[in-house]
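K.L.:
Fold the following, please.
(2 chains)
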2 protein chains.
Amino acid sequence: MNTQDLVRSLHIKNNTKIVMLVADGLGGLPVKPGGPTELEAAKTPNLDSLAKQGVLGSMIPILPGITPGSGPGHLGLFGYDPLANPIGRGVLEATGIGFAVGRNDVAIRCNFCTLDGSGVILDRRAGRIPTEESAPLAAKLRAVSIPGVEVFVEPVKEHRFVVVFRAEGLGGNVEDTDPQKEGLLPLDPVAHDEPSRKTAELVRQFVAQATKLLANQPKANGLLMRGFSKMPHIPTYEEVYGLRAAAIAVYPMYKGLAQLVGMKVVGTPATLEEEIDVLAGAWKDYDFFFVHFKYTDSRGEDGDFDAKVKMIEQFDAIVPRVTALGPDVLVVTGDHSTPAALGSHSWHPVPTLLVSRFCRPDACMTFGETAALAGGLGHFQAIHLMPLALANAGRLGKYGA
Amino acid sequence: MNTQDLVRSLHIKNNTKIVMLVADGLGGLPVKPGGPTELEAAKTPNLDSLAKQGVLGSMIPILPGITPGSGPGHLGLFGYDPLANPIGRGVLEATGIGFAVGRNDVAIRCNFCTLDGSGVILDRRAGRIPTEESAPLAAKLRAVSIPGVEVFVEPVKEHRFVVVFRAEGLGGNVEDTDPQKEGLLPLDPVAHDEPSRKTAELVRQFVAQATKLLANQPKANGLLMRGFSKMPHIPTYEEVYGLRAAAIAVYPMYKGLAQLVGMKVVGTPATLEEEIDVLAGAWKDYDFFFVHFKYTDSRGEDGDFDAKVKMIEQFDAIVPRVTALGPDVLVVTGDHSTPAALGSHSWHPVPTLLVSRFCRPDACMTFGETAALAGGLGHFQAIHLMPLALANAGRLGKYGA
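P.N.:
The predicted model follows:
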């Protein structure tokens, strides 16, 4: 029995409220020897106060040394084994632009490309055509019509767009048409099972019609498709945890990831302050709240230590509004580290805190990476965070007698 | 290869003695912010002295957030994965009253119930009939006779009793006859495989004869059966560890759990002092000694912080008698936490200590939850405790060359 099946068999419903505040890319690194991390440099009186009341730990997103993308990072936080629940690239791309992928959909990442007169690929990215030129072209492809299937075409950025086929019985087990090299013809979509042969046939029809629609384009006169994928069969928060879960986020990617596990996306906040407004407004209607703050990650990706420190201080400032709502369990964490020193996601553990009436407080007096090393939650994998939150909310029964 | 198979392939026999002192429900919680846990509040000069000599750790009974019952809690301590070795409710109930369940037995939890004239259930618990009335009724059911099978009927408490069928080829995969609701007829025992169909047929015969024997009872004129189960196929301590293991306990449940893994139950002690008398008396004849102390859990379950503190102090007081025997490895732990603040088992880690000539001592100077967070054993799952004990006893060979 895996952890999630165990939790599914033990969960209990009650009236408690659980809040998970996720500062994306929270964990960091010092920029000078002996110096603080971004979180340790930030003035975080509210988070430090929570650290005194609660229990800290050093959370490993996937496995030691493994750097997660946003998809696996959040799946782990949500309590789903990211290695057992891979999200296909097509589904992730669609999710990232806020497209609600359904159970019958096959989602595909596409590139505009430049073909010569004989159909050979001259440029796999159509000269990185700018978004203002590519978006209308993607819209133009909506004219493709194939009987018995709904076709969606959504622009992404520059040369990228997403195609979704919606019909019963379609498989996602189709090879990329992108040969990954210039000077070659696009590949035929090779299918590996019967349902995927249907998808491959749709692909051929789509490509034929699309190529006609793009025929007169100077650069983007062809397309390449890859990352064919269907929605993973992920049980919902209601099924696994018995929780009515709300997701509050500004960016489409995180709304999409939350929807994958059956959370309801609430509100259309544009700032962290507005996210907390939405939280307060939805308080009565849900048991669990995932609140996502993006900019700690963004400034880490920029490599800007001081700007990330400021974002952490903004994040700290809203904490009193959350505690004022009186959550039974409050978790503060990140989906991974994004140290400014690296300017990218990293494998480093994420300092994590949990406060409840029934947590066993440790000696930690501040919220930070070094403090978390001595925390009562120890070093633990992200997939154990949800069971800990549920236990602290009195929402998990005893295993065995 | 799982941990246990690994250990099984590596174990070595020698003349060392290992003692595992289990204070049931040892781990606790503070009752006021910043206050001590029960173990931290207790005066434990002997355990603190062991903590100075040995190595501490924070032990997770099953998985983070998961609260174990006594069965899974002890299986974990004994080094058996509690999730891979579930113990059926019937077997656990029989074990709990000291009935030695055999490999051919099907054990069943039963309730006396009250039926109306047409056989409909009026009260699933026969008015919670007191033990002094129900025990003679259970004994009366021993008159049931079915050819080709041994039938055992054992009283438990109030309306509860246990039935065991002993014969070759019986299956335990039978649905409860208890519909879990009043106003319904008892259910037919539905079997899910061929060996279980034999069991179901025995159940029908047992119920028919028992109902006649109970016909004139005012309240307990019927019975309901649930938790049909067979002994799990658990390898013994001798097989896995090469240890002649003795179990010393006051309560039948813990004797039964120890028997499940092939320990020999020695003595009939009634107090902790008597348990140590038994330990001293059996010292020459065994390699491993499991000594169980119940009352730390009982007072935690009562929600009585001060009483649990006193029980821990009683437990501490017998430590010198144990060390005087000169064990090569001494482990002190609990099967789970039972914080008085919760009045129930909990998911919190259990402070654990191990002393041997070859342990690598850490900086811990006292035995307690906070000290254990900085201990040399770190945060570890219960199933790793036995391999650690064996290694410290020089009883585990090298893996690979």
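
K.L.:
switch to C-alpha atoms for all contacts and neighbour counts from now on
P.N.:
OK.

K.L.:
Just list what the longest helix along chain A packs against, helices and strands only.
P.N.:
Ranked by residue count, the top helix of chain A under DSSP state H comes out as helix A:194-213. Counting by 3 or more C-alpha pairs under 8 Å, 6 or more residues apart in numbering or on different chains; DSSP states H and E, the packing neighbours recorded for helix A:194-213 are strand A:222-230.

K.L.:
Could you export the strand it packs on as CSV, CA atoms only?
P.N.:
Included here for strand A:222-230 are C-alpha records, laid out as CSV according to Å, rounded to 0.1, in the frame of the first residue of the first chain:
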residue,chain,number,x,y,z
GLY,A,222,4.7,24.6,-41.2
LEU,A,223,4.3,23.1,-37.8
LEU,A,224,5.9,20.4,-35.6
MET,A,225,4.1,18.5,-32.9
ARG,A,226,5.4,16.8,-29.7
GLY,A,227,4.6,15.8,-26.2
PHE,A,228,1.3,14.1,-27.1
SER,A,229,-0.4,13.4,-23.8
LYS,A,230,-3.6,12.7,-22.0
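
K.L.:
is any part of the helix or strand just after that strand close to chain B?
P.N.:
Where DSSP states H and E defines the elements, the next helix or strand beyond strand A:222-230 is helix A:237-241. No - for a cut-off given as C-alpha under 8 Å from any C-alpha of the partner chain, helix A:237-241 has no contacts with chain B; the smallest distance is 12.9 Å.

K.L.:
and helix A:237-241, what does it pack onto?
P.N.:
Applying 3+ C-alpha pairs under 8 Å, 6+ apart, one finds that helix A:237-241 makes contact with helix A:3-10.

K.L.:
got the contact list for the longest helix of chain A?
P.N.:
Counting by C-alpha atoms under 8 Å, 6 or more residues apart in numbering or on different chains, the neighbours of helix A:194-213 from elsewhere in the structure are A:140-141, A:144, A:146, A:169-174, A:188-191, A:221-223.

K.L.:
Stretch A:250-257 too?
P.N.:
Taking contacts as C-alpha under 8 Å, 6+ apart, the residues outside stretch A:250-257 that touch it are A:71, A:74-75, A:95-100, A:247-249, A:265, A:268-271, A:275, A:292-294.

K.L.:
so which of these also contact chain B?
P.N.:
Among the contacts of stretch A:250-257, no residue lies close to chain B (C-alpha under 8 Å from any C-alpha).

K.L.:
all helices for the stretch 1-150 of chain A, in order.
P.N.:
Assigned by DSSP state H, counting those that start in this stretch, the stretch 1-150 of chain A shows helices spanning A:3-10, A:38-41, A:45-53, A:70-77, A:89-96, A:131-140.

K.L.:
Same list, those helices, but as CSV with distance to residue A:150 please.
P.N.:
Formatted as CSV, the entries for these read as follows, by distance: least, C-alpha to C-alpha, whole Å:
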stretch, distance to residue A:150
helix A:3-10, 35
helix A:38-41, 47
helix A:45-53, 48
helix A:70-77, 26
helix A:89-96, 15
helix A:131-140, 15
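
K.L.:
Tell me the pLDDT of the closest residue to chain B within the stretch 1-150 of chain A.
P.N.:
Of the residues in the stretch 1-150 of chain A, the one nearest chain B is residue A:1, at a distance of 6.2 Å by C-alpha to the nearest C-alpha. We note a pLDDT of 79 for residue A:1 in this prediction.

K.L.:
Give me the neighbour count for the closest residue to it other than its chain neighbours.
P.N.:
Nearest residue to residue A:1, sequence neighbours excluded (C-alpha to C-alpha, 6 or more residues apart in numbering or on different chains): residue B:83, at 6.2 Å. Other residues within reach of residue B:83 by the criterion other C-alpha atoms under 10 Å in any protein chain shown amount to 18.

K.L.:
try residue A:69
P.N.:
Should you count by other C-alpha under 10 Å, residue A:69 turns out to have 12 residues around it.

K.L.:
again, but for residue A:233
P.N.:
Residue A:233: 11 surrounding residues under other C-alpha under 10 Å.

K.L.:
roughly how far apart are the residue lying closest to residue A:172 once chain neighbours are set aside and residue A:149?
P.N.:
Residue nearest to residue A:172 in three dimensions, not counting chain neighbours: residue A:229, with 4.6 Å by C-alpha to C-alpha, 6+ apart. For residue A:229, the distance to residue A:149 under the criterion C-alpha to C-alpha, to the nearest Å works out to 16 Å.

K.L.:
now do residue A:204
P.N.:
On the measure of C-alpha to C-alpha, residue A:204 and residue A:149 end up 14 Å apart.

K.L.:
next one: residue A:127
P.N.:
32 Å.

K.L.:
Look at the residue in the stretch 101-250 of chain A that chain B sits nearest to and say how many residues are nearby.
P.N.:
Nearest residue of the stretch 101-250 of chain A to chain B (C-alpha to the nearest C-alpha) works out as residue A:241 at 12.9 Å. Residue A:241 has 26 neighbouring residues, counting by other C-alpha under 10 Å.

K.L.:
Tell me the pLDDT of residue A:152.
P.N.:
Each residue has a pLDDT score; the one for residue A:152 is 98.

K.L.:
wait, isn't it in contact with residue A:164?
P.N.:
Yes - using C-alpha atoms under 8 Å, residue A:152 is in contact with residue A:164, at 5.0 Å.

K.L.:
wait, what's in contact with residue A:164?
P.N.:
Going by C-alpha under 8 Å, 6+ apart, residue A:164 touches A:105, A:106, A:107, A:108, A:151, A:152, A:153.

K.L.:
neighbour-wise, which of these leads?
P.N.:
Busiest of the contacts of residue A:164 [other C-alpha under 10 Å] is residue A:107, holding 31 neighbours.

K.L.:
And that one, how far from residue A:113?
P.N.:
19 Å.

K.L.:
same question, residue A:359
P.N.:
Taken as C-alpha to C-alpha, the span from residue A:359 to residue A:113 is 56 Å.

K.L.:
so residue A:73 touches residue A:60, yeah?
P.N.:
No - Residue A:73 sits out of contact with residue A:60 when judged by C-alpha under 8 Å, with a separation of 9.8 Å.

K.L.:
hmm, back to that, burial count for the residue of the stretch 1-150 of chain A closest to chain B?
P.N.:
The tally of other residues near residue A:1 (other C-alpha under 10 Å) stands at 8.

K.L.:
now do the one 4 residues further on
P.N.:
By the measure other C-alpha under 10 Å, the count of residues near residue A:5 is 11.

K.L.:
Show me how chain A divides into domains.
P.N.:
In terms of domains, chain A is parsed into A:3-87+A:233-392, A:101-230 (source: automatic domain parsing).

K.L.:
just checking, which of the ones you listed sits deepest inside the structure?
P.N.:
Of all these, domain A:3-87+A:233-392 has the most neighbours on average by mean count of other C-alpha atoms under 10 Å in any protein chain shown, namely a mean of 21.

K.L.:
Need the distance between the two termini of that domain.
P.N.:
In terms of C-alpha to C-alpha, the two terminal residues of domain A:3-87+A:233-392 are separated by 17 Å.

K.L.:
just stretch A:117-126 next, same as before
P.N.:
The first residue of stretch A:117-126 is 15 Å away from its last residue (C-alpha to C-alpha).

K.L.:
Now do it: distance to the chain's middle.
P.N.:
The chain centroid and the centroid of stretch A:117-126 are separated by 33 Å, computed with C-alpha atoms, centre = their mean, to the nearest Å.
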